[in-house]
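# sequence-free structure coming up:
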């Protein structure tokens, strides 16, 4: 798999000078979780990257709950953390892939190619019996990290509006089925989903990760290959990156609707579908 490295690979390459390892553990609603877990134990040499402030920008009226930060600031922060054009980056979280996926996607978006996710995260690392460190890592500043933004990787609300009902475009909702149907909504103020969106829950991919080879992934996404454009979203641009990374594995070219459902419902004129009630 081109977007992942295994725990065995990381163990064998951990001390190479051109490698930067990031710990991006995060828990929605508990901003202290990641740093607390990092302090309890992390992969040796790993640098903690907080979700808030580094991987997200200021929340506004539109743009969703986790908008991007200023990309120049982001690149500057990555340089401070040791990333430059010559470094290889490995990102891990608890193993659910979404938090690691956010940083992976952002680095890809600004043109950094040598970025990988640790398959299974720190959970698999510890299950293998590999040791952890409690020493806080002070990063050595990297050289220049060139920004070569790839605008086709991201979509906004206007792109998604135009995709509704367009036979050549599809909207993929990455949230869990109960949120997609509008049965529950624990985070955003209005339950439901974007009209015509199809549901590919990110959680299914994580649950089946151990058995997820290229053939099974291709089968999982087989209905999407006929579309010219694939717009992927979640609630706010984090868990949707799981679908993005796996679609990329099988040669699809998905576009992330970064603001996601939380951006969509910020516009009063946007239609919302609630399948739970069978009404719009």
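Sure, I can see it. Given the structure is predicted, the values throughout are model-derived calculations rather than measurements.

# quick one: contacts for the residue nearest to residue 41 when sequence neighbours are not counted?
With sequence-adjacent residues excluded and distances taken as CB to CB, 6 or more residues apart in numbering, residue 41 is closest to residue 132, at 3.4 Å. Every residue, glycine included, has its C-beta placed from N, CA and C. Residue 132 sits next to 41-44, 122, 125-126 when contact means CB atoms under 8 Å, 6 or more residues apart in numbering.

# mind redoing it with 7 Å?
Contacts for residue 132 (CB atoms under 7 Å, 6 or more residues apart in numbering) come out as 41-43, 126.

# separation between it and residue 91?
Using CB to CB, to the nearest Å, we find residue 132 at a distance of 17 Å from residue 91.

# so what are the domain limits for this protein?
Using automatic domain parsing, the domain ranges for the chain come out as 4-149, 152-264.

# before we move on, the earlier item: how close does the residue nearest to residue 41 sit to residue 22?
Applying CB to CB to residue 132 and residue 22 gives a distance of 15 Å.

# would you turn the domains of the chain into TSV with distance to residue 273?
As requested, the domains of the chain are arranged in TSV below (distance: least, CB to CB, whole Å):
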stretch	distance to residue 273
domain 4-149	19
domain 152-264	5
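
# redo these as CSV? Include mean pLDDT.
Supplementary listing: these in CSV, determined by pLDDT from 0 to 100:
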stretch, mean pLDDT
domain 4-149, 96
domain 152-264, 95
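
# and the contacts of the longest helix along the chain?
Among the segments of the chain that qualify as a helix by DSSP state H, the longest is helix 98-109. Counting contacts by CB under 7 Å, 6+ apart, the residues outside helix 98-109 that touch it are 22, 24-26, 49, 51, 55, 74, 89, 91-93, 115, 117, 121, 149-150, 153-154, 202, 238-239, 241-242, 244-245, 256.

# in contact with residue 272, which residues are there?
Under the criterion of CB under 7 Å, 6+ apart, the contact partners of residue 272 comprise 190, 192, 265.

# could you flag which of the residues you listed are buried?
If you count burial by 16 or more other CB atoms under 10 Å, the buried members of the contacts of residue 272 come out as 192, 265.

# would you map the strands across the stretch 1-150 of the chain?
In the stretch 1-150 of the chain, the strands defined using DSSP state E, counting those that start in this stretch lie at 4-5, 19-23, 47-48, 88-92, 115-118.

# what distance separates the third one from the centre of its chain?
Right, strand 47-48. Taking CA atoms, centre = their mean, to the nearest Å, one finds strand 47-48 lying 17 Å from the centre of the chain it belongs to.
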